[in-house]
Each structure stands twice: as structure tokens, then as C-alpha cells.
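Engineer: 3D model of this:
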Amino acid sequence: MPLDPAPASTPSPTPPPVRFWPVDDLPALDPDPFLDELLRDEPVTRIRLAHGEGDAWLVTRYEDVRFVTSDPRFSREAVVGRDITSMRPAPVASQTAGLQYIDPPRHNRLRRVVARAFTGRAMQRLRPMAERRAGELLDTTKAAGPPADLMECLHGPFPIAVIRDFLGVDEKDWHRWAATGEALLSAGPDAEERAREAARATRARFAVLLLSRRE
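Structural biologist: Here you go, the predicted structure:
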């Protein structure tokens, strides 16, 4: 009896071309046109960012993002120590302690510890403090008179004020925390060294805060 011929192998699909995503600062509330295009026409694609080496796969649909971030075949730890394509010249999150760079089961253990500070009840306790800080910033803006730059007067200082209060940082130290945050996210010609120095300063401040809490 003759054997059936082996099925012809299916050729692998050609991967999409690598697209460069500059992640530019955009005016006002304008959405990123490149991201809009991908959401509409190419929800799974390869991209290259302004810094680092190689390319990455970008997924933009909710179902795909949920799949990638929950399937154990995708690893966070696999990129530790590698020069990968990135928005920033230096990594913002710690590759040794950040949740972004560890896999289960260690990721699950650390996430449970962190989650205790962000329960609904804990966030409700932050509400009066956040409202008070917002009121203070808006009062200062009003006293300065028009025109008001909400990016400078509210958008920048408000989250830093809330984080500072949440961590128990001395109020007079907020300018240094603000400058550190700006340096971590900067993209100028000296951005890499500024970001590395800001990361060192941030780690040192957290060490002081931890010692103070323990005492």
C-alpha cells in the first residue's frame, strides 16, 4: 500500500519590518500619531526606540498585552544586563530590585508585599492629603496671576508632592526630589550621565528613609 506523501512544510511568515518610534514630546493633549496608526492598523509589530540595541515587539491591544504579561513563556529576567532598545539612555527602574525585571515566583512574592500599601482603603487615606496638596498648588497658581502654566504649576509638582507625603519625605526636600525625577526621564545630550547620577541619589535617599523608618 503506497504511503501518503509528506505534507509540504508551511513557510514561516515574514516578520513585519522594524518601525522606528521616536516617542516625541507632543503639544498639549495631542495623541501620538505613530501609536494611533499602530493601534488601528498594526497592533503587533516590531519597533526600535531612540536608545539601546536591536528591536522589540510592541503589542497595543488589551487582550495581547494581558496575554504577554501573564504567559510564563515571556520572561522579564531575560533582558537583565542586556542592551535592549529603550526610550531612555539609562534604565529608570532598577534591574536588580524592580518588579519589571523579575519573573514568578519571586515576582509574586514581592508584588504581594507592595500591594499591601496600595489597597483601596490605603488609597482612601491618601485622598484628603492629595486634595490638600492640590488646593495649595492651585491657590499658589491663582495668587501668581494669569496666565497660568498648569504643566509647571500643577502637573509637575502635584504627583511629586503626593509621593513625598506617601513616603514621609521632609517637605523642604521636595525640590531635590523634583529635580531627580526630571533627570531620570530627561533625553538631552547629557541625559545618560544625569540619569545615572539621579538613580544613585534616589537609592541613597531611600536608604536614609528606610533607616529612619526602622529606627
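Engineer: can you give me the strands in the protein?
Structural biologist: 18-20, 44-48, 56-59 (DSSP state E).
Engineer: now for the first one, which elements pack on it?
Structural biologist: It refers to strand 18-20. Using 3 or more Cβ pairs under 8 Å, 6 or more residues apart in numbering; DSSP states H and E, the elements in contact with strand 18-20 are strand 44-48. Any C-beta I mention is one placed from the backbone N, CA and C, and that applies to glycine too.
Engineer: Same question for the strand it packs on: list its buried residues.
Structural biologist: Neighbour-count burial for strand 44-48, with 16 or more other Cβ atoms under 10 Å as criterion, is recorded at 45-48.
Engineer: And for stretch 147-154?
Structural biologist: 153-154.
Engineer: about what we covered before: any chance of the strands of the chain in JSON lines, with distance to Ile163 and mean pLDDT too?
Structural biologist: Conversion of the strands of the chain to JSON lines gives the following (distance: least, Cβ to Cβ, whole Å; pLDDT from 0 to 100):
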{"stretch": "strand 18-20", "distance to Ile163": "33", "mean pLDDT": "94"}
{"stretch": "strand 44-48", "distance to Ile163": "30", "mean pLDDT": "94"}
{"stretch": "strand 56-59", "distance to Ile163": "28", "mean pLDDT": "94"}
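Engineer: Could you dump those strands into TSV with distance to Thr85 added?
Structural biologist: TSV is the format used below for the strands of the chain (distance: least, Cβ to Cβ, whole Å):
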stretch	distance to Thr85
strand 18-20	9
strand 44-48	5
strand 56-59	5
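Engineer: one step back: and the buried residues of strand 44-48, which is closest to Asp149?
Structural biologist: In terms of Cβ to Cβ, no member of the buried residues of strand 44-48 lies closer to Asp149 than Ile47, at 32.3 Å.
Engineer: now that closest one: how far from Leu58?
Structural biologist: As judged by Cβ to Cβ, to the nearest Å, Ile47 and Leu58 stand 5 Å apart.
Engineer: what does Ala50 give?
Structural biologist: Counting by Cβ to Cβ, the gap from Ala50 to Leu58 is 14 Å.
Engineer: Mutual contacts of Ile47 and Leu58, please.
Structural biologist: Trp21 (Cβ atoms under 8 Å, 6 or more residues apart in numbering).
Engineer: higher neighbour count, Ala50 and Leu58?
Structural biologist: Leu58 (18 against 15; other Cβ atoms under 10 Å).
Engineer: Test my guess that the more buried one contacts Thr45.
Structural biologist: Yes - the criterion here is Cβ atoms under 8 Å, and Leu58 meets it with Thr45 at 5.7 Å.
Engineer: any residues in contact with both of those two?
Structural biologist: Residues touching both Leu58 and Thr45 (Cβ under 8 Å, 6+ apart): Leu38.
Engineer: Contacts for the worst-scoring helix or strand of the chain on mean pLDDT, please.
Structural biologist: Every helix and strand of the chain was ranked by mean pLDDT, DSSP states H and E. The lowest is helix 174-184, at a mean of 73. For helix 174-184, contacts defined as Cβ under 8 Å, 6+ apart pick out 88, 92, 156-157, 160-161, 163-164, 169, 194-195, 197-199, 201-202, 205.
Engineer: Take these and keep only those in helices.
Structural biologist: 157, 160-161, 163-164, 194-195, 197-199, 201-202, 205 (DSSP state H).
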